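Participant: Pasted the sequence and its predicted model underneath.
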Amino acid sequence: MTQGKLISLILIFAILIVGSMSFFTVEERQKAIMFKFGEIVSTDFDPGLHWKIPFVNNVRKFDSRVQTMDARPERYLTSEKKNVIVDAFVKWKIDNVSKFYTATGGDTERANIRLSQIIKDGLRGEFGKRTIRDVVSGERNQIMDILTVEANKQAQEFGIDIVDVRIKRIDLDKQISESVYRRMEAERQRVAKELRAQGEQEAETIRAKADRERTVILAEAFRKAEEIRGEGDSEAANIYATTYNQDKEFYAFYRSLNAYRNSFATKEDILVLQPKSEFFEYFK
């Protein structure tokens, strides 16, 4: 190989290397910064292929997708000076890549640390204004909305956009939890006792009403039975009277036979009377 060809190959190889170093790509999920000797010269890059000057410009890329900062649970004081343990997280993304790089050096962990401090300060302030009942149930969503707005104002200073602040859980201190559980248990027992008392009162009312109705029903039934019995006895007396008047002698004989049948029902029955008594009139 001649010296000219060798030089040509070296030049071609150098041109290819320089050419490959003259272009860079930015993806949809990325933001990029171009530096000139360490100084930021451009940040406005759309997704696609871009040109730079080799050895003069260098490019650094950052993830522009939504990221999560999951803060460690922290203790906060409520307005009642009671401790609560709060576990929260933040959804954020890079809004201004130039500010982000200047403020954090492009370090995501450093950004998370700064965001964590902002959220802690916000939570401390919001919880200090409210009672335990407020933060656990009534105003939880309001706290998250306020924190999102307030944290966004501060995060804009280092090029971050806060998408959302969420409180995962709020736990009471162990001693407070036990106290709350005891109060809840006492309250449930009180309610249960009231309900049992109301139930017993209603049961007594129902029993008294049932007894009263039973007495009325029995009295009414007895009255009707007596009326029916009286009517029956009257009807029987009329029948007996009518029958007696039709044949007094036969009626007397029939009544005597019934008396004999009832008196001598079994062989063991003994009747001690004088033979000449009126009872044995029809035996003569």
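Facilitator: Good, I have the coordinates.
Participant: Every contact and neighbour count from this point should use C-alpha atoms.
Facilitator: Will do.
Participant: Could you pull out the helices in the stretch 51-200 of the chain for me?
Facilitator: Applying DSSP state H, counting those that start in this stretch to the stretch 51-200 of the chain gives helices spanning 97-104, 108-128, 132-133, 140-155, 174-246.
Participant: Nearest to N83, out of these?
Facilitator: Across the helices of the stretch 51-200 of the chain, N83 has its closest neighbour in helix 174-246 (8.0 Å, Cα to Cα).
Participant: Run the chain-centre distance for the closest one.
Facilitator: Helix 174-246 sits 41 Å away from the centroid of its parent chain (Cα atoms, centre = their mean, to the nearest Å).
Participant: And stretch 146-161, by the same measure?
Facilitator: That offset, for stretch 146-161, works out to 33 Å (Cα atoms, centre = their mean).
Participant: sorry, back to before: using JSON lines, lay out the helices of the stretch 51-200 of the chain together with mean neighbour count and distance to T25.
Facilitator: JSON lines is the format used below for the helices of the stretch 51-200 of the chain (neighbours: other Cα atoms under 10 Å; distance: least, Cα to Cα, whole Å):
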{"stretch": "helix 97-104", "mean neighbour count": "19", "distance to T25": "17"}
{"stretch": "helix 108-128", "mean neighbour count": "18", "distance to T25": "22"}
{"stretch": "helix 132-133", "mean neighbour count": "16", "distance to T25": "52"}
{"stretch": "helix 140-155", "mean neighbour count": "17", "distance to T25": "28"}
{"stretch": "helix 174-246", "mean neighbour count": "12", "distance to T25": "55"}
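Participant: rank the ones you listed by pLDDT, which is bottom?
Facilitator: Per-stretch mean pLDDT for those is lowest at helix 132-133 (a mean of 80).
Participant: Would you map out the domains in this protein?
Facilitator: Split into domains by automatic domain parsing, the chain comes to 3-63, 67-172, 247-283.
Participant: now the helices of the stretch 51-200 of the chain in a markdown table, with distance to R29?
Facilitator: Shown next, in a markdown table, are those (distance: least, Cα to Cα, whole Å):
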| stretch | distance to R29 |
| --- | --- |
| helix 97-104 | 13 |
| helix 108-128 | 16 |
| helix 132-133 | 42 |
| helix 140-155 | 21 |
| helix 174-246 | 45 |
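Participant: Mind checking those helices for the one nearest to P47?
Facilitator: That would be helix 97-104 among those, by Cα to Cα, at 14.6 Å.
Participant: So which residues lie in contact with the closest one, not counting its own?
Facilitator: Helix 97-104 is contacted from outside by 31-33, 40, 43, 62, 94, 106-107, 110-111, 157-160, using Cα atoms under 8 Å, 6 or more residues apart in numbering.
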